[in-house]
Every structure is written in structure tokens, then in C-alpha cells.
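> Provided below are the primary sequence and the corresponding predicted coordinates.
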Amino acid sequence: MDPGTATTIKACEAIIELQFPVNLNGKLEVFTGWRATHSTHRLPVKGGIRYAPIVEQDEVRALAALMTYKCAIVDVPFGGSKGGLQIDPSKYSRDELQLITRRFARELIRKNFISPSTNVPAPDMGTGEREMAWIADTYKHLHPENLNYNACVTGKPVHHGGIRGRVEATGRGVVYAMREFFRHASDVKNAGMDGGLDGKRIVIQGLGNVGYHAGKLLDEEDDAKIIAIIEKDGALINEEGISIQRVREFINANNTIKGFPDASFTENGKALLEMECDILIPAAMETQITGDNAERINTKLIVEAANGPITFEADEILKNRNITIIPDAYVNAGGVTVSYFEWIRNLSHIRFGRMERRYDEIKGQHYISALQNMTQKDMPDWMQKGIIKGADELDLVRSGLDDTMRNAYQELRDTLETNDKVNDFRTAAYVVAISKIARSYIDLGVY
Ligand code: GLU
């Protein structure tokens, strides 16, 4: 690639830093927030807004770049962006958070850093459906004339223009990626394993939105064994497997994992990243595996459900130790993939499946009648149900997500197989992403 194009791709195009006051119970408090736009080779740019006490400008820029690569890898036609607000959301009430979020959104909208056609945020660490609904509503008030106002943000609640399956999407995408990995016996063998996901011993860090949904599927549908769960306040261990759903219910009721009855507890959660297992899934936050602990990581496969959980230094160490890594830029792209579906749904102003579902069901009924008529045999009920069922929105979203994750994996794999210089999935992911972005710059030129 010519160095000019490379430098263009590297740079973050724009970043805005906002400082805005909010009147909380008669007292003015000033908040600092950012939104970075990494690449506008496709529009809108896309990426979450995180609320965290330690968020800062460089992090937002780095995560915006990661969004560009993510979208390119899964063929979602967006550029990359990211936002952050320096705040500890647990210290504020719901009403206060609403005021803060609406004010932050208003500033970003006014400065053109939120719009359905150019910049579309989504949830990230510390934000969820609730914040997205407030952002969408703020946009609607400022731009009621824009018929597509709902498309200004994704990850909204379903009754406010969201899409079914968005909340679970990142976690589900992680599992679809893992299932695809396990469909390739040679990839599994290279990682020092065999067979499928069933019975694999898994350690998960983080039972937030991503870790919870990924863990739940692995536990309940793939028969994998979750042998340890690492949370902020410690870790749970049980070689027989831990029910993710039960732990989540316990956390909801007690606000801690301490005291969960069916596993042993240890205070030093982070040390458990080094526990011997088949698969380690860091699903919490960045820089968890570093130069300090990479030598002691004792797993065969790391699945980066979080963004940037492995530092550059640690990545080199793990590579030398032949530990297979399925990288964040690919593996957690399920969230933005379903955001894309939501955006399309908002622009078309109709739920997926609304027009064709019943028609498909009638057609299925006709097939069954025809078959029964010709064979003079009754079709069993379960078979009839399978044929008749028309796809609803959730079926279609999951199907689109599965297809996306599988196709992207194939592309990484092809790159690994055909490019001598590429020996690991992360490099393959960057090669795939950067080639597509460069292609777009070269085709269009820079003006
Ligand atoms: N925050 C998520 C991510 O980091 C989702 C972004 C989106 O849906 O736009 O990928």
C-alpha cells in the first residue's frame, strides 16, 4: 500500500471534546465527553458511547479506529466512530442520568456528531437501551422534520424503534464466531484441541451484556462448561460447570457474586485469568492481559469478546506461546452488525418479516397439503410446524447475524491460507479490514 493511503487510514479524522454543565438539584456540575470520527470512507460512522470514570480522549480515538476495522471485517457499510463520557453512572440517579445524557446528546447533535445520515451512536460500556431512547428523543425534538430521526442512534428499546435481538447481539455473535471456528477441524487442531464446543472448559471474565449472553448460550445451547466467572468483586469457580443464568439472577438480587451457593469464591478475581482452561473469554474491558500476566495465561484459545483486552506486548507473548486468539475486531462485531439491521429497519419504517411472514406460512401449508395429498400419508406434527413457521424479526436478525459471522470468519481464514505473511487471526483481520478500506480510498480518490 502506498504510504499516503496507509497514513490516511491510520489517522482519526476528527474528535470533539465537550465540556458542559448540568444543573443537578440546584448545583452545576461540569462533565467532559468526547466523540471521535475515525474514517468517513463510508457514512454514517458508527460506534458506541461509553460512560466510565476513566474514559479519555486517546481511548475514544483508538476505539473509533477499531470500529472502522470492525465494520469493514463484517461488511457493514459504515465508517468508525466512538464516544465517551467521563462519569461513574452508578453515582447518579436515573433522573440525573437522563438530564446528563440529554444535554450531552444535544451538544453532539448541534455540532453534527449525531445524525441518522452521518454519525449514529449505540450502547457501549455503561450505557444501554435507556440512554439510547433518551438520545433518540432528544434528536427528535431538535429535528422533528427529519422523517428518519429514529435512525440517529441504534440499540434503542424495541417499543422505541429498536430491533429484536440487538441486546443479545454482541454475545450471540461471539458464540456464532466460536461455532464457526469449531466447524474447522484444522483450526481447532492448531489450537491444540479437538471436537466441538461441548464439554470445553471455559473461563469468562465479565458478566455484563456481552459476557452474559455469550456465556448463557455456551452453557445452555452448546453444552460447554463454564468453570470460572470473573467479576469486579471476585471470581466463582466450579469444575462441574456454573449456570450463567443462575449467577446473573444472583447478581441482580444481591449486587455481588459473593455468596453464590454453587461455586467456590475467591476475592482475587483477576488471578483467575491464569486458570488452566480450554477457552478464555475476556468480556469485560480493555488491557486485562498484559506483559505482566501473559506468560502465565494457561489456555488454548482466547476469544476477545471485549474491546482490546490484550495489550500489544501481551499479544506478542501469546503468539510466541502459540495460543490462538480470535480478535475483538472480528469476534465482537455482532453488536454493530445488528445495529446495521436496526438502522435499515428505521429507514424503511417497517419491522423485518412484517409483510412476508404469514404469506410464507400459507405457502408452507400448501406444501404440506400437496405432499400429504400425493403420498396419502400424514406428516408428523413437528415436521408440519417446522415447514409452516414463517420467520419473525428475531429469526431474521439471528439468521443475518449468523451469516455475517460465518462469512467474515471464512474471509479471515482465506487470508490466513493464502497470504504467507499472515500467521494469526488478528493480522488476518487487519489485513482484511485495511484492504477493504484502502480499496475504497483508491476507488474514490481523496478530494
Ligand atoms: N459498542 C458496540 C461496539 O463496540 C456497538 C457499536 C454499534 O452498534 O454501533 O462494537
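All right, it came through fine. Only a predicted model underlies this, so the values are computations on that prediction, with no experimental measurement involved.
> please make it C-alpha for all contacts and neighbour counts, starting now.
Fine.
> what does the helix or strand harbouring G173 contact?
Assessed by DSSP states H and E, G173 sits inside helix 166-182. Outside helix 166-182, the residues that touch it by Cα atoms under 8 Å, 6 or more residues apart in numbering are 155, 187-188, 195-197, 209-215, 217-218, 303, 305, 331-336, 338-339, 342, 401-402, 405-406, 409.
> which of those residues are close to the ligand?
333, 335-336, 339 (Cα under 6 Å from any ligand atom).
> just the ones in helices from these, please.
Judged by DSSP state H, the subset of those located in helices is 335-336, 339.
> by neighbours, which of these wins?
S339 (30 neighbours; other Cα atoms under 10 Å).
> what is the burial count for the residue nearest to it when sequence neighbours are not counted?
Nearest residue to S339, sequence neighbours excluded (Cα to Cα, 6 or more residues apart in numbering): T154, at 5.5 Å. Using other Cα under 10 Å, T154 has 34 other residues around it.
> point out where the chain drops to low pLDDT.
446-447 (pLDDT under 70).
> would you map the strands across it?
14-24, 27-39, 45-52, 79-86, 119-123, 201-205, 225-231, 234-237, 264-266, 279-282, 301-303, 324-326 (DSSP state E).
> compute the inter-axis angle for the third one and strand 79-86.
Our comparison of strand 45-52 with strand 79-86, counting by axes from the mean of the first three to the mean of the last three Cα atoms, to 10 degrees, yields an angle of 20 degrees.
> quick one: strands adjacent to strand 45-52?
Its sheet considered, strand 45-52 pairs with strand 79-86 (parallel), strand 119-123 (parallel) by DSSP bridges.
> the shortest one to helix 166-182, inter-axis angle?
The reference is to strand 119-123. Angle of strand 119-123 versus helix 166-182, following the same axes, to 10 degrees, is 80 degrees.
> output strand 119-123 as CSV, nothing but the C-alphas.
Backbone C-alpha positions of strand 119-123 (Å, rounded to 0.1, in the frame of the first residue of the first chain) are rendered in CSV as follows:
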residue,chain,number,x,y,z
ASN,A,119,-23.0,9.7,12.8
VAL,A,120,-25.0,7.1,14.6
PRO,A,121,-24.1,6.1,18.2
ALA,A,122,-25.0,2.9,20.0
PRO,A,123,-24.7,1.5,23.5
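> is that strand anywhere near the ligand?
Yes - applying Cα under 6 Å from any ligand atom, one finds strand 119-123 in contact with the ligand at 121-123.
> flag every residue of this structure that's near the ligand.
Counting by Cα under 6 Å from any ligand atom, the residues of the chain near the ligand are 46-48, 121-124, 333, 335-336, 339.
> and the residue of the stretch 251-400 of the chain nearest the ligand?
V336 (3.5 Å; Cα to the nearest ligand atom).
> for that residue, what are its contacts?
46-47, 71, 76, 170.
> save those as TSV, and put in neighbour count too.
What follows is those, written out as TSV (neighbours: other Cα atoms under 10 Å):
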residue	neighbour count
K46	34
G47	34
C71	27
V76	20
T170	27
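> centroid-wise, who is the farthest residue in this structure?
Residue distances from the centre of the chain (Cα atoms, centre = their mean) peak at Q376, which lies 49.6 Å from the mean C-alpha position.
> ok so, going back, out of the strands paired with strand 45-52, deepest packed?
When you average the neighbours per residue for each of the strands paired with strand 45-52 (mean count of other Cα atoms under 10 Å), strand 79-86 leads with a mean of 28.
> what residues does that one touch?
So strand 79-86 is contacted by 31-56, 60-61, 63-69, 71, 119, 121 (Cα under 8 Å, 6+ apart).
> let's go with 7 Å and repeat that
31-55, 60, 63-65, 67-68, 71 (Cα atoms under 7 Å, 6 or more residues apart in numbering).
> now do stretch 150-163
Contacts for stretch 150-163 (Cα under 7 Å, 6+ apart): 114-116, 120-123, 129, 132-133, 136, 164, 166, 339, 342-343, 346-347.
> list only those of these flagged as buried.
114-116, 120-123, 129, 132-133, 136, 164, 166, 339, 342-343, 346 (16 or more other Cα atoms under 10 Å).
> could I get the phi/psi values of E145?
The phi and psi values for E145, taken as degrees, to the nearest 10, are phi -80, psi -20.
> ok so, going back, got a quick PyMOL command for the buried subset of the contacts of strand 79-86?
Applying 16+ other Cα under 10 Å to the contacts of strand 79-86 leaves a buried subset, and the PyMOL line that selects it is:
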select buried, resi 31+32+33+34+35+36+37+38+39+40+41+42+43+44+45+46+47+48+49+50+51+52+55+60+63+64+65+67+68+71
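> touching stretch 249-257 from outside, list them.
233, 260.
> residues of it that come out buried?
250-251, 256-257.
> off-centre distance for that stretch?
24 Å (Cα atoms, centre = their mean, to the nearest Å).
> which residues does A228 contact?
For A228, the contact set (Cα under 7 Å, 6+ apart) comprises 202-204, 235-238.
> so it versus K270, what's the distance?
11 Å (Cα to Cα, to the nearest Å).
> do the same with L396
To K270, L396 is 38 Å away according to Cα to Cα.
> would you map the helices across the stretch 51-200 of the chain?
Using DSSP state H, counting those that start in this stretch, the helices of the stretch 51-200 of the chain run over residues 57-73, 94-110, 129-142, 166-182, 185-190.
> may I have the fourth one exported as PDB, CA atoms only?
To tie it back to what came earlier, the one meant is helix 166-182. The C-alpha atoms that make up helix 166-182 are tabulated as PDB, following Å, rounded to 0.1, in the frame of the first residue of the first chain:
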ATOM      1  CA  ARG A 166     -30.000  -6.200  19.500                       C
ATOM      2  CA  VAL A 167     -29.300  -6.600  23.200                       C
ATOM      3  CA  GLU A 168     -28.100 -10.100  22.900                       C
ATOM      4  CA  ALA A 169     -26.300  -9.500  19.500                       C
ATOM      5  CA  THR A 170     -22.700  -9.000  20.600                       C
ATOM      6  CA  GLY A 171     -22.700 -12.000  22.900                       C
ATOM      7  CA  ARG A 172     -24.600 -14.100  20.400                       C
ATOM      8  CA  GLY A 173     -22.200 -13.000  17.600                       C
ATOM      9  CA  VAL A 174     -19.300 -14.200  19.800                       C
ATOM     10  CA  VAL A 175     -20.800 -17.600  20.000                       C
ATOM     11  CA  TYR A 176     -21.600 -17.800  16.300                       C
ATOM     12  CA  ALA A 177     -17.900 -17.000  15.700                       C
ATOM     13  CA  MET A 178     -16.800 -19.700  18.100                       C
ATOM     14  CA  ARG A 179     -19.200 -22.200  16.500                       C
ATOM     15  CA  GLU A 180     -17.700 -21.400  13.100                       C
ATOM     16  CA  PHE A 181     -14.200 -21.800  14.500                       C
ATOM     17  CA  PHE A 182     -15.100 -25.300  15.800                       C
END
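> thank you kindly, that will do.
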